[in-house]
Structures are given as C-alpha cells and as structure tokens.
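> Take this sequence and fold it.
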Amino acid sequence: HGAYSHNQRLPMRDECVVTAKKMPTTRHKNELHLIALDYKDKFGRWKFALSVGQSLLFYGFGSKRLLLNDFVDECLKFDGDVMTIDGFNNNFDMLDLLQWVVKKGSDTEEIDNYSDDYLLRHCGVEDNCRMSFLTAACEDSLALKAANIARYIASRRGSNDGIEDWSPLYIVFHNIDCPVMSTRSYHSALSALICFSKNSIRLVASADNVNLMTCWDSNVIAQYNWSWEATPTYSRYFAEVSAMGASNNDKAYQLARVNERKSLGAALVLHSLAQRQVDIFKELAILLSAESRDDLPYKTFLKSCQHKMLIDTDPKLREIVGELMDHSMLHMRTDKEGIEVVSIPLSREKLIDIIKFQR
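Residues are numbered from 1 along each chain as shown. Modelled structure (predicted):
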C-alpha cells in the first residue's frame with residue numbers, strides 16, 4: 001500500500017511462502033475438487049496412451065504435482081516400478097536415473113558393469129546395424145549410454161533369458177522445464193532412454209513454461225513422442241517454491257554430490273572414447289598421480305605422450321585435449337607464469353581408478 005520506501009526490506013522467498021500458507025485455502029474449494037474429479041476420470045485413457053508408446057506431458061496454470069502423484073497412486077504403481085523426480089529442487093542427476101533403470105531392469109545394481117560394447121553385444125543389434133544405432137543414439141556419451149541401457153533392457157524383456165512377467169518402468173518428472181534439464185545432454189539422454197526402450201520405460205511429465213520447449217532439439221522432441229494434455233489445476237505452487245529455496249541453500253550437499261558424480265561420469269565417458277583417447281587420458285592421470293600435483297605443464301604432457309608413441313604432433317594432442325575438455329574430463333589453463341597447464345578434476349583416489357581402467 002502506498003509508495004515503496006527504499007528503507008523497507010524486501011521479503012525473502014521463505015518468508016513469502018510462510019505468509020502465503022497462512023492465507024485462506026477454502027476459496028473455490030468445491031470448484032477445485034470438481035476439477036480434480038474430472039481429471040481422475042481420464043486416468044484410464046492416460047494409462048492407455050502410455051501403453052501404446054506415447055509420453056504424457058501435462059501443462060496448464062497451477063501446480064500439477066498432486067495430480068501426477070494421484071495418477072501414480074491410483075494407476076501406475078500397480079502396473080510397474082515408478083521413479084518420481086522433482087525437477088524443481090535442482091538435485092536431479094541423470095546418472096541417478098540411469099542407475100535406477102539398471103537396478104530395476106537387470107540383474108545388477110552397478111551401471112559401470114555394463115560398458116557400451118557389452119550392451120551392444122547383448123541387445124540384439126546386428127553387426128551391420130551397429131554404426132547406424134550409434135549414430136541414431138546420439139554423439140553425446142551420456143545419451144549413448146542411456147540408449148544402450150534402454151536397448152539392452154528392451155532386448156532382455158523379449159528374450160528367452162529375460163525377466164519373466166517384467167512390468168514397465170515409469171518415470172514421473174515434475175517440472176521437466178526446470179533449470180537442471182536446460183542442457184541438451186540431459187534431454188538427449190532422457191529421450192533416448194524412452195525411445196530405445198521399446199515402451200519398456202514410460203515417461204509422465206509436467207511443465208509450466210511450454211514456450212521453453214520450442215527451444216528443444218526437434219529430434220529430441222520426436223523421441224519423446226509427447227501426448228500433450230491440457231490440465232490447468234489452479235493449485236498453488238507451495239511445494240515447488242519451498243523446495244527451490246531449500247535445495248539452493250544446501251551448498252554442502254551440492255558440493256558433495258558434484259564430487260561423488262564426477263568419477264562415475266568419467267568412467268561412463270571412457271567407455272565411449274576411442275582407445276587412443278583413453279590411453280592419453282590415462283597417461284595424464286599417471287603423470288599427475290606420480291608427481292602428486294593438481295596440474296601439469298602441457299609441454300611435459302606432450303613429451304611424455306610422444307615418448308610413449310601415443311601421439312606424434314602437438315596439433316593432434318591439442319585436438320584430443322579439446323575433445324576431453326568438451327566432456328569436462330580435463331581442464332586446461334594458463335597459470336600466473338604464463339605456462340599452459342592441464343589437470344583432471346578428480347581426487348587422488350579417483351585418479352587411481354582411471355589408471356586401472358580397462359574396457
């Protein structure tokens with residue numbers, strides 16, 4: 001009310017949430033209940049759409065979290081395993097999702113037990129189809145891993161040694177338009193997981209900013225095979241806003257998560273690289289480990305690679321270094337003395353794992 005004074009303090013997000021929760025929630029209660037009942041009548045049609053290979057994308061004004069959770073509780077959880085992802089809390093990691101799919105869809109809980117070569121050999125892909133499959137999966141290593149896992153699980157489901165009475169896996173993604181899914185890599189991986197699973201893995205998602213999806217890659221959108229469902233609920237966004245504040249304040253958790261995921265991501269990328277790239281990366285790990293330092297002069301790295309006949313010229317090594325940097329496997333910078341140095345963003349213990357890496 002009135003003019004805003006510069007001496008007034010703007011309320012923090014958590015304070016706004018507390019104030020909003022104190023507001024009356026009985027307004028339009030009957031109308032909102034009727035809307036919820038109307039959507040429940042569509043649960044059967046939505047489940048059928050999933051069974052024929054479509055992914056469901058719910059959009060419209062209002063939080064759709066309760067709607068999707070009701071859909072899970074009344075339909076999906078009786079048909080198969082369900083993983084619910086809250087995109088709005090910024091803690092989602094694609095590797096966690098792949099780990100869950102491997103655990104539920106195979107006889108192991110470790111994603112690294114399945115290299116890309118192993119998956120391709122056991123997923124029913126003929127040799128003459130191998131290259132087209134790799135190309136169709138995606139150039140991105142994370143998406144390639146997701147495609148290989150999905151194809152492997154689909155083949156086991158239809159093979160003699162597959163899991164009997166295997167039910168589908170459901171991924172329920174609240175707010176798929178969240179910041180953590182803004183990268184092409186994550187969308188390529190998730191869409192490949194759905195596309196190559198032959199309907200063994202099914203996706204239900206919600207979004208508020210539908211216009212943002214026009215920026216997605218057209219191939220990714222095609223692989224999702226969306227069925228767009230207009231479902232305005234007019235419900236408040238309490239859970240979404242509260243979770244956003246909590247996750248952003250938990251810096252210790254975020255730092256621990258980054259360190260935990262780096263080594264798994266490195267092993268995942270190594271499986272998809274050419275052997276020479278792997279050997280060069282392992283050589284850098286050996287040098288860093290032997291000298292107990294965080295970085296190494298690029299010229300020292302070059303001489304060592306040339307001595308071991310891993311590379312012959314500087315331009316070729318720089319090309320490979322650039323590829324490794326694109327995968328966030330390696331860092332290159334100029335130090336205070338103007339010397340180019342290279343480093344691997346992993347702990348000492350994880351460097352040992354890289355040195356021991358074998359396909």
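> Quick one: the strands in the stretch 201-350 of the chain, in order.
Using DSSP state E, counting those that start in this stretch, the strands found in the stretch 201-350 of the chain span residues 201-207, 226-230, 296-297, 331-334, 340-343.
> what would those strands look like in a markdown table with mean neighbour count, distance to Cys305 and mean pLDDT?
All C-beta spots, glycine's among them, are computed from the backbone N, C-alpha and C. Below are the strands of the stretch 201-350 of the chain laid out as a markdown table (neighbours: other CB atoms under 10 Å; distance: least, CB to CB, whole Å; pLDDT from 0 to 100):
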| stretch | mean neighbour count | distance to Cys305 | mean pLDDT |
| --- | --- | --- | --- |
| strand 201-207 | 24 | 41 | 94 |
| strand 226-230 | 15 | 47 | 92 |
| strand 296-297 | 17 | 12 | 92 |
| strand 331-334 | 13 | 14 | 89 |
| strand 340-343 | 18 | 11 | 92 |
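> In a markdown table, list those along with distance to Asp38.
Formatted as a markdown table, those follow (distance: least, CB to CB, whole Å):
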| stretch | distance to Asp38 |
| --- | --- |
| strand 201-207 | 17 |
| strand 226-230 | 12 |
| strand 296-297 | 64 |
| strand 331-334 | 54 |
| strand 340-343 | 57 |
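> nearest to Tyr59, of these?
Among the strands of the stretch 201-350 of the chain, the nearest to Tyr59 by CB to CB is strand 201-207 (5.1 Å).
> so what does that closest one touch, helix or strand wise?
Secondary-structure packing of strand 201-207 (3 or more CB pairs under 8 Å, 6 or more residues apart in numbering; DSSP states H and E): helix 43-51, strand 55-59, helix 65-74, strand 169-174, helix 184-195.
> can you list contacts of that strand?
Around strand 201-207, the neighbours that count as contacts under CB atoms under 8 Å, 6 or more residues apart in numbering are 46, 50, 55-59, 64-65, 67-68, 71-72, 76, 101, 105, 150, 153, 168-177, 190, 193-194, 213, 224.
> got it, and stretch 50-70?
So stretch 50-70 is contacted by 36, 39-40, 46, 49, 84, 168, 170, 172, 174, 176, 194, 199, 202-208, 210, 224-240 (CB under 8 Å, 6+ apart).
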